[in-house]
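Asker: Return a 3D structure for these sequence lines:
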Amino acid sequence: MNANTPTVKKSGGASPWIVVAFVLVALIASVRRILVLAPELPKVVEQNDAQFRNSMIELAVLTAMTLSLVACLVMLRKRHPQAVAERV
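Answerer: Below you'll find the model as predicted:
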């Protein structure tokens, strides 16, 4: 193998539709996990402090990820208006 051969090759660029689809799937997954985790918090409080702390950290990370994915969707919409479905 040639030492100058790149491991990852640049593709022609993904369509904005594909990028939006992946971001939407990630956004749905993070919101779903938040909705599953939030009702479990009272049970975790009763068990022990370490599990509660871990749950709160997970909730904070999921919240930050959700906000960043929403920001990503807003930026994609501004950059590629054609990637957004038209309202009928």
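
Asker: Give the burial count for Gln47, as a bare number.
Answerer: 10 (other Cβ atoms under 10 Å). Heads up, the C-betas are built off the backbone N, CA and C, glycines and all.

Asker: And Arg53, by the same measure?
Answerer: Other residues near Arg53 number 11, with proximity taken as other Cβ under 10 Å.

Asker: Just the element for it, please.
Answerer: According to DSSP states H and E, Arg53 maps onto helix 49-79.

Asker: what about that helix, average pLDDT?
Answerer: On average, the pLDDT along helix 49-79 is 91.

Asker: Please determine how far Val19 is located from Ala38.
Answerer: From Val19 across to Ala38, the span is 29 Å (Cβ to Cβ, to the nearest Å).

Asker: of the two, who's got more company?
Answerer: Val19 (17 against 12).

Asker: distance of that one from Ile34?
Answerer: 23 Å.

Asker: What score does Gln82 have for pLDDT?
Answerer: Per-residue confidence at Gln82 stands at 67 (pLDDT).

Asker: list the contacts for the residue nearest the centre of the chain?
Answerer: Taking Cα atoms, centre = their mean as the criterion, Ala26 is the residue nearest the geometric centre of the chain, at 4.0 Å. Ala26 sits next to Met65, Leu69 when contact means Cβ atoms under 8 Å, 6 or more residues apart in numbering.

Asker: Quick check: Ala26 vs Phe52, distance?
Answerer: In this view, Ala26 and Phe52 are 26 Å apart by Cβ to Cβ.

Asker: dump the residue contacts of the closest residue in space to Met56 that isn't next to it in sequence.
Answerer: The shortest distance from Met56 to any non-neighbouring residue, by Cβ to Cβ, 6 or more residues apart in numbering, is to Leu41 (8.0 Å). The neighbours of Leu41, taking Cβ under 8 Å, 6+ apart as the test, are Phe52, Ser55, Met56, Leu59.
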